[in-house]
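Enquirer: Quick one: sequence plus predicted model below, questions after.
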Amino acid sequence: MNKSKRFETSVIHAGYDSKQHLGSLSTPIFQTSTFTFDSAEQGERRFAGEEEGYIYSRLGNPTVRALEEKIAELEGGEMGLAFSSGMAAVSAVLVALTKADDHILCSQGLYGCTFGLLSMMKEKYNITSDFSLMETEEELRNRIQPNTACIYIETPINPTMRLLDLEMISRIAKEYNIPVVVDNTFSTPYLQRPLELGCDIVIHSATKYIGGHGDVIAGLVVAKEEFLSEVAMTTQKDIGGVMSPFDAWLLLRGLKTLPVRMDRHSFNAERIFKEMEKHSGIKRVYYPGDTNHPDYSIKEKQMKQGGGLISFEIEGSKENAQELLNLLSFIQIAVSLGDAESLIQHPATMTHAVVPEEERLKMGITDQMIRLSVGLEAWEDIWSDLEQALSKLPAVKEKINN
Ligand code: LCS
């Protein structure tokens, strides 16, 4: 990041100069598919890369570029690249990094569709993957194979909230010359900056906290220019999952309030976590801000706050977990996360339904697990909605009465 400015300032000002746009405070939306050339020769020069300038919005667009420059600065990286979804970003990066018969070492748990993508890569190209928490240097070294093409990590892991030590993993990976890719969706660069810890590539589902308002599907990647300009000219340009100018504008708008929102998400989540811990109907709570979390020391090392996501297990069955969701009044039943509205979902039957049961249980996703994306409402109201729903569950009633 530009060290002369603090994060809260960069998030508003980085990547945009109003003087270059007739003084427009808000970044203009260049809602155009293509860009005209002054002459056929200019067109030739632009295609040959001999002259700077826009060609066609799949290859670059000024509104999208403003967002790419901002996210690069916020993550402390050289270059940013914007995609039509988080999965477009994940697939463009993984396809760029691998070839047939390679191996990918992954965190012990991944978003369901990322797991689905890896299964497809195995089936089509024999690209195998292994899952591990990489808790010690020894464990990590044992997991690395001669054909390991990259290490792919979510931390916190969706939805189990386990953490991986990014500094240690990137230090060991460097010895083997293996790039470390981090999906930073749950933390955002306000809470965690993997590149500063030595990792190589950061991915976001910008659909979540970066946008923050539940109105856009988008993805972002930040990495070294050498790698990302290659991605821009191959897996991005030719597979084509690029971001629209309007979506880039929505994200630029959302980003301005990222630190304010993240502070509030974390504040609310911490309070809800404390209430959950005391509630006899809740068996276990998984929150990185918990001082008893198995990875709390990693949280202290690499995360500014615990973030806005909590997973928990209730007493009872899968049906009880579903019933709890149905009993809520204003907390919305929906996948996605990071919005102003509190959102709740059942990973086993929703976000991680594509993961075979055996794998799902190895990741720690039980039928009783529920994931809550704590919104920006008053935390007391979020908790009372949860509490009234919990109090109506038969298994909880029984537990409270005993
Ligand atoms: N990475 C992570 C960690 C995610 O949680 C998601 C989506 C993606 C990548 C993919 O991003 P998308 O293409 O949807 O922008 N996670 C979701 C979730 O947990 N609930 O709904 C979507």
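Expert: It's in.
Enquirer: Alongside the ligand, which residues does the chain contribute?
Expert: Residues of the chain lying close to the ligand by CB under 6 Å from any ligand atom are 85-87, 90, 111, 113-114, 154, 158, 183, 185, 205, 207, 217, 219, 335-337, 351. For glycine as for every other residue, the C-beta is placed from the backbone atoms N, C-alpha and C.
Enquirer: How about the contacts made by the closest residue to the ligand within the stretch 51-200 of the chain?
Expert: Nearest residue of the stretch 51-200 of the chain to the ligand (CB to the nearest ligand atom) works out as residue 86 at 2.2 Å. By CB atoms under 8 Å, 6 or more residues apart in numbering, residue 86 lies in contact with 111, 185, 203, 204, 205, 206, 207, 208, 217, 218, 219.
Enquirer: Setting the sequence-adjacent residues aside, check what's closest to it.
Expert: residue 205 (2.7 Å; CB to CB, 6 or more residues apart in numbering).
Enquirer: give me every residue that touches that neighbour.
Expert: Residue 205 touches 85, 86, 87, 89, 111, 183, 185, 218, 219, counting by CB under 8 Å, 6+ apart.
Enquirer: ok, of the contacts of residue 86, which one's closest to residue 313?
Expert: Taking CB to CB as the measure, residue 313 lies nearest residue 111 of those, at 19.5 Å.
Enquirer: correct me, but residue 37 touches residue 47?
Expert: No: counting by CB atoms under 8 Å, residue 37 sits too far from residue 47 to count as a contact (9.6 Å).
Enquirer: The two: which has the busier surroundings?
Expert: Between residue 37 and residue 47, counted using other CB atoms under 10 Å, the more crowded position is residue 37 (16 against 13).
Enquirer: Are we agreed that that one is in a helix?
Expert: No: applying DSSP: H, G, I helix; E, B strand; the rest coil, one finds residue 37 to be coil, outside a helix.
Enquirer: gap between it and the ligand?
Expert: According to CB to the nearest ligand atom, to the nearest Å, residue 37 and the ligand sit 34 Å apart.
Enquirer: Which secondary structure state does the closest residue to that residue other than its chain neighbours sit in?
Expert: In space, and not counting its chain neighbours, residue 37 is closest to residue 43: 4.1 Å by CB to CB, 6+ apart. Under the three-state scheme (three-state DSSP), residue 43 adopts helix.
Enquirer: How about residue 46?
Expert: helix.
Enquirer: got a list of what it touches?
Expert: 37, 53, 55.
Enquirer: Turn those into TSV, columns for distance to residue 9.
Expert: Listed next are the contacts of residue 46 as TSV, based on distance: CB to CB, whole Å:
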residue	distance to residue 9
37	38
53	30
55	33
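Enquirer: pLDDT score for residue 1?
Expert: pLDDT for residue 1: 46.
Enquirer: Equivalent analysis for residue 401, please.
Expert: pLDDT at residue 401 comes out at 72.
Enquirer: And residue 360, by the same measure?
Expert: For residue 360, the model assigns a pLDDT of 96.
Enquirer: check which helix or strand covers it.
Expert: Element membership of residue 360, judged by DSSP states H and E, is helix 357-363.
Enquirer: same deal with residue 82?
Expert: strand 79-83.
Enquirer: Just want the residue of the stretch 151-300 of the chain that's nearest the ligand.
Expert: residue 205 (3.0 Å).
Enquirer: Quickly note the distance from that residue to residue 44.
Expert: Counting by CB to CB, to the nearest Å, the gap from residue 205 to residue 44 is 38 Å.
Enquirer: Over to residue 146?
Expert: 45 Å.
Enquirer: who has more neighbours, these two?
Expert: The residue with more neighbours, out of residue 146 and residue 44, is residue 44; 12 against 6, by other CB under 10 Å.
Enquirer: what residues are up against the more buried one?
Expert: Going by CB under 8 Å, 6+ apart, the list of residues near residue 44 is empty.
Enquirer: again with residue 324
Expert: Residue 324 sits next to 314, 370, 389, 390, 393 when contact means CB under 8 Å, 6+ apart.
Enquirer: Just confirm the second one is within a strand.
Expert: Yes: read with three-state DSSP, residue 370 is one of the residues of a strand.
Enquirer: Please renumber the chain so that the first residue is 53 from this point on.
Expert: From this message on, residue numbering opens at 53, which makes the last subject residue 422.
Enquirer: Assign the spatially most central residue of the chain to helix, strand or coil.
Expert: Nearest to the geometric centre of the chain sits residue 237, at 1.6 Å (CA atoms, centre = their mean). Under three-state DSSP, residue 237 falls in the coil class.
Enquirer: Any figure for the gap between it and residue 186?
Expert: For residue 237, the distance to residue 186 - CB to CB - is 19 Å.
Enquirer: Residue 341 now?
Expert: 22 Å.
Enquirer: And for residue 115?
Expert: Residue 115 is 38 Å from residue 186, by CB to CB.
Enquirer: Output the contacts of residue 98 in CSV; the columns should cover pLDDT.
Expert: Formatted as CSV, the contacts of residue 98 follow (pLDDT from 0 to 100):
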residue, pLDDT
89, 98
105, 97
107, 98
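Enquirer: tell me which residues of the helix ranked longest in the chain are tucked away?
Expert: In the chain, taking DSSP state H as the definition, the longest helix is helix 310-330. By neighbour count on 16 or more other CB atoms under 10 Å, the buried set for helix 310-330 is 310-311, 313-314, 316-322, 324-325, 327-328.
Enquirer: In terms of secondary structure, what does the very next helix or strand once past that helix contact?
Expert: With elements assigned by DSSP H and E, the helix or strand that comes after helix 310-330 is strand 334-338. For strand 334-338, the contact count by 3 or more CB pairs under 8 Å, 6 or more residues apart in numbering; DSSP states H and E identifies helix 310-330, strand 361-366 as packing neighbours.
Enquirer: Residue 286 - how many residues pack around it?
Expert: Counted with other CB under 10 Å, the neighbours of residue 286 add up to 13.
Enquirer: Please disregard the earlier target; I meant residue 225.
Expert: 22.
Enquirer: quick check: domain ranges of the protein?
Expert: 59-307, 311-453 (automatic domain parsing).
Enquirer: check contacts around whatever residue of the stretch 303-452 of the chain ends up closest to the ligand.
Expert: Per CB to the nearest ligand atom, residue 387 is where the stretch 303-452 of the chain lies closest to the ligand, at 3.4 Å. Contact analysis of residue 387 by CB under 8 Å, 6+ apart lists 395, 397, 402, 403.
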